[in-house]
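S.K.: 3D, please:
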Amino acid sequence: MNALRLALTGLLVLGLTGFVAAEEKADDVKAKLVGEWTVVKTYDNGPPKDSLIVFGKDGKMKVTHKQDGKDVTMDGTYTAAADSFTFELKAGDNVIKKKITIKKLTAEDLSTTDDAGGAVELKKKK
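M.R.: Modelled structure (predicted):
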């Protein structure tokens, strides 16, 4: 019986350690995301090339792109996870919600895919 308790306690500790590590990884992802990013490569129906995406420390997000020669801005929120982020943007009466998988994230480069496999590459503005 004591061996079973010890084993269960060990599994619980490992589970909690994994949870804490995932939270720390999400915080690291969020810290790297914060700032202004420019879309350098996109896919059909993806964010337009040269769009500016701003991730705030407060979990707010802003996307600005050109449409018919005018700047169009969408505001929303995002949440970082260990290897992805989700966002919700408001575009007029429409709400866009997506989960984005992070393929690469450095201080200067961000490569992502969405659930449909659409790939986007961004560069951080200096």
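S.K.: quick one: contacts for residue 102?
M.R.: 29, 83, 84, 85, 110, 111, 112 (CB atoms under 8 Å, 6 or more residues apart in numbering). Every C-beta, even on glycine, is put in place using the N, C-alpha and C of the backbone.
S.K.: Of the residues you listed, grab the buried ones for ChimeraX.
M.R.: Here is the ChimeraX command that selects the buried residues among these (16 or more other CB atoms under 10 Å):
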select :29,84,85,110,112
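S.K.: right, and out of the contacts of residue 102, which lies closest to residue 47?
M.R.: Closest approach between the contacts of residue 102 and residue 47, by CB to CB: residue 112, at 10.1 Å.
S.K.: That closest one touches residue 87, doesn't it?
M.R.: No: with contact defined as CB atoms under 8 Å, residue 112 does not count as touching residue 87 (10.9 Å).
S.K.: Can you list which of the contacts of residue 102 are found in strands?
M.R.: Among the contacts of residue 102, the subset assigned to strands under DSSP state E consists of 84, 85, 110, 111, 112.
S.K.: Make TSV out of these and add pLDDT and distance to residue 53.
M.R.: Converted to TSV, the ones in strands among the contacts of residue 102 look like this (pLDDT from 0 to 100; distance: CB to CB, whole Å):
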residue	pLDDT	distance to residue 53
84	95	15
85	95	11
110	96	9
111	96	13
112	96	10
